[in-house]
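Colleague: need a 3D model of the sequence below.
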Amino acid sequence: MQSDSIILGIESSCDDTSAAVLINGKVCSNITANQDVHRKFGGVVPELASRAHQSNIIPVIDQAIKTAGIENQQISAIAVTQGPGLMGSLIVGLNTAKSLSLGWNIPLIGVNHLQAHVAALFIDHKVEFPMLCLLVSGGHTQLIWAESFTHTEIIGETIDDAVGEAFDKASKLMGLGYPGGPIISKLASTGNAKRFQFNDSQVGPYDFSFSGVKTSLLYFLRDEKAKNSEFIEQNLNDICASYEISLIQMLTKRFNNAIKDKKPKSISIAGGVSANSALRSAVMELSAKYNLPAYIPDFQYCTDNAAMIAKAGQFLLEAEKFISYDALPYSRS
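Modeller: Numbering: from 1, shown residues only. Here you go, the predicted model:
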């Protein structure tokens with residue numbers, strides 16, 4: 001009888017191909033192949049993403065297994081992102097996982113990508129429930145109330161764009177490149193965040209809206225460039241700092257509202273934007289304000305990665321929640 005729980009995680013929801021091996025809850029490998037081809041387009045091109053996944057997925061899985069020092073026959077289950085995400089990208093990952101599951105005769109676990117971002121918190125932390133999590137990524141912005149890993153409720157979310165999209169759009173407007181979040185954050189670190197103001201959209205106490213702040217930046221840059229064609233270049237760091245702090249204040253305002261009302265025993269952030277240093281600092285301030293433990297994932301587990309898929313797979317394996325070979329991917333949650 002096999003004593004170790006060994007899970008192979010596969011992630012291909014967007015433009016990163018990733019595979020990881022989790023042994024008894026410990027990450028023993030986490031390999032990711034990035035796709036730089038999208039940078040020149042200012043965003044992910046779905047067709048190019050799915051083609052790159054086809055080229056990358058088998059080598060990445062092979063490397064993850066070898067790095068972990070295991071053999072195929074030792075794997076207990078395969079956990080794979082089933083959705084949400086880009087349909088073509090999901091199909092590559094799910095079909096590969098189905099083939100391996102069938103060939104190796106081991107169970108197949110379908111993982112919700114957003115739930116996996118929450119699972120990333122469990123890799124390095126012993127989470128105290130109930131927990132309030134702010135999930136922030138390129139495609140999603142949500143407030144999640146968690147009684148346990150398998151019992152969660154979305155209590156607030158964006159009514160239009162995600163915060164990651166707000167960073168990307170701003171970066172494109174200023175000609176800075178893609179992805180926008182890391183670029184703006186780096187420039188903002190030496191800027192004056194109080195110099196310019198961008199207004200918050202008026203929505204519900206837990207819901208978010210970022211279309212207004214993007215439009216505000218668009219008109220602001222247009223008007224200032226009409227007066228000075230070199231305005232962006234001459235004030236770039238201050239613009240980035242002011243815009244970044246506006247987005248973070250929009251996030252923490254709703255987070256603060258939910259903490260006051262729901263009274264969790266812990267708080268956390270997850271998703272790609274949780275790598276933003278200013279947001280991490282703001283969450284630690286909330287942690288001190290309410291005297292609550294704050295869980296923040298290690299940087300390598302913030303962006304899309306297979307370790308979080310494998311960790312989610314661990315909980316689903318324990319609950320014996322498997323999927324069949326006719327299971328389909330889903331693009332929306």
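Colleague: surely Cys14 and Met87 touch.
Modeller: No. If you go by CB atoms under 8 Å, Cys14 and Met87 don't touch, sitting 11.2 Å apart. (Glycine included, C-beta is placed from N, CA and C.)
Colleague: more neighbours, the two?
Modeller: Cys14 (25 against 16; other CB atoms under 10 Å).
Colleague: distance check, the residue nearest the centre of the chain against Tyr301.
Modeller: The chain has Gly271 as the residue nearest its centroid, 2.7 Å off, counting by CA atoms, centre = their mean. According to CB to CB, to the nearest Å, Gly271 and Tyr301 sit 10 Å apart.
Colleague: show me what counts as buried in the longest helix along the chain.
Modeller: Determined from DSSP state H, the single longest helix within the chain is helix 231-262. For helix 231-262, the buried set under the neighbour-count rule, 16 or more other CB atoms under 10 Å, comprises 231-232, 235-248, 250-252, 254-256, 258-259.
Colleague: rounded mean pLDDT for it, please.
Modeller: For helix 231-262, mean pLDDT rounds to 97.
Colleague: check stretch 47-62 too.
Modeller: So the average pLDDT for stretch 47-62 ends up being 93.
Colleague: what's that stretch in contact with?
Modeller: Residues outside stretch 47-62 that contact it (CB atoms under 8 Å, 6 or more residues apart in numbering): 8, 10, 12, 14-15, 17-19, 31-33, 35, 37-38, 86, 88-89, 91-93, 96, 100.
Colleague: of the residues you listed, which belong to helices?
Modeller: Gly88, Ser89, Ile91, Val92, Gly93, Thr96, Leu100.
Colleague: which of those has the most neighbours?
Modeller: Within those, neighbour counts (other CB under 10 Å) peak at Ser89, which reaches 29 neighbours.
Colleague: now the helices: where do they sit in this protein?
Modeller: Under DSSP H, the chain gives helices at 46-68, 87-104, 113-119, 121-124, 163-173, 180-188, 211-227, 231-262, 277-290, 306-318.
Colleague: out of those helices, deepest packed?
Modeller: Mean neighbours per residue, mean count of other CB atoms under 10 Å, is largest over the helices of the chain for helix 306-318, with a mean of 27.
Colleague: which other helices and strands does it contact?
Modeller: Packing contacts for helix 306-318, counted by 3 or more CB pairs under 8 Å, 6 or more residues apart in numbering; DSSP states H and E, involve strand 6-11, strand 17-23, strand 26-33, strand 77-83, strand 108-112, helix 113-119, helix 121-124.
Colleague: a markdown table for those, including mean pLDDT?
Modeller: Shown next, in a markdown table, are the helices and strands packed on helix 306-318 (pLDDT from 0 to 100):
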| stretch | mean pLDDT |
| --- | --- |
| strand 6-11 | 98 |
| strand 17-23 | 97 |
| strand 26-33 | 96 |
| strand 77-83 | 98 |
| strand 108-112 | 97 |
| helix 113-119 | 94 |
| helix 121-124 | 95 |
